[in-house]
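Enquirer: Quick one, what's the 3D model for this:
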Amino acid sequence: MEKMMYLMLIEKSKTYNKMTKQVVTEHVENIRRLDDAGKLELCGVFKGYPGMAGMYILKTESREEAEELCRAEPLVMGGYAGYKLVGLQIANRENNYLL
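Expert: So this is what the prediction gives:
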């Protein structure tokens, strides 16, 4: 069976630099909830890539579930960021690296 994860690329909007401390706190709380629920594989901030804020790698049962999580991100909900969602087919020893 094809194993998938979903990469959420977080893109800065024109209002990104106007975020309040409250929004940043809500963003971090969201990361913790995703991690506690087992939905977050990895997250981080991009340095040196203009217009890009960061990314999440999400472990979900479907693309629809990943979309729901992206739309619920406080930075997105507040209009401080947009996102692109990309499917990532996992290559590993179990599937002979997709050979």
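
Enquirer: Mind listing what's buried along the strand or helix carrying Q22?
Expert: Element membership for Q22, per DSSP states H and E: helix 21-36. Buried residues in helix 21-36, counted by 16 or more other C-beta atoms under 10 Å: 26-27, 30, 34. Any C-beta I mention is one placed from the backbone N, CA and C, and that applies to glycine too.

Enquirer: Next, the residue nearest to the spatial centre of the chain: secondary structure please.
Expert: Note on the chain: the residue nearest the mean C-alpha position is Y56, at 2.8 Å, using C-alpha atoms, centre = their mean. Using DSSP: H, G, I helix; E, B strand; the rest coil as the criterion, the local structure at Y56 reads strand.

Enquirer: and it, what does it touch?
Expert: Taking C-beta atoms under 8 Å, 6 or more residues apart in numbering, we find Y56 in contact with 7-8, 10, 31, 34, 40, 42-43, 69.

Enquirer: can you give me the helices for this protein?
Expert: In the chain, the helices defined using DSSP state H lie at 21-36, 63-71, 74-77.

Enquirer: right, and those - which one's nearest Y49?
Expert: Smallest distance to Y49 across the helices of the chain (C-beta to C-beta): 16.1 Å, for helix 74-77.

Enquirer: Mind giving me the packing neighbours of that closest one?
Expert: Contacts defined by 3 or more C-beta pairs under 8 Å, 6 or more residues apart in numbering; DSSP states H and E place helix 74-77 against helix 21-36, strand 81-89.

Enquirer: Quick one: closest of these to P74.
Expert: P74 lies closest, by C-beta to C-beta, to one member of the helices and strands packed on helix 74-77: helix 21-36, at 4.0 Å.

Enquirer: Just the C-alpha atoms of the closest one, please, in PDB.
Expert: Extracted as PDB, the C-alpha positions of helix 21-36 are listed here (Å, rounded to 0.1, in the frame of the first residue of the first chain):
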ATOM      1  CA  LYS A  21       2.000  37.700  20.300                       C
ATOM      2  CA  GLN A  22      -1.500  36.100  20.700                       C
ATOM      3  CA  VAL A  23      -1.500  34.800  17.200                       C
ATOM      4  CA  VAL A  24       2.000  33.300  17.600                       C
ATOM      5  CA  THR A  25       0.900  31.700  20.900                       C
ATOM      6  CA  GLU A  26      -2.100  30.200  19.200                       C
ATOM      7  CA  HIS A  27       0.200  28.900  16.300                       C
ATOM      8  CA  VAL A  28       2.500  27.200  18.800                       C
ATOM      9  CA  GLU A  29      -0.500  25.700  20.700                       C
ATOM     10  CA  ASN A  30      -1.700  24.300  17.400                       C
ATOM     11  CA  ILE A  31       1.600  22.700  16.700                       C
ATOM     12  CA  ARG A  32       1.500  21.100  20.200                       C
ATOM     13  CA  ARG A  33      -2.100  19.800  19.500                       C
ATOM     14  CA  LEU A  34      -1.000  18.300  16.200                       C
ATOM     15  CA  ASP A  35       2.000  16.700  17.800                       C
ATOM     16  CA  ASP A  36       0.000  15.300  20.800                       C
END
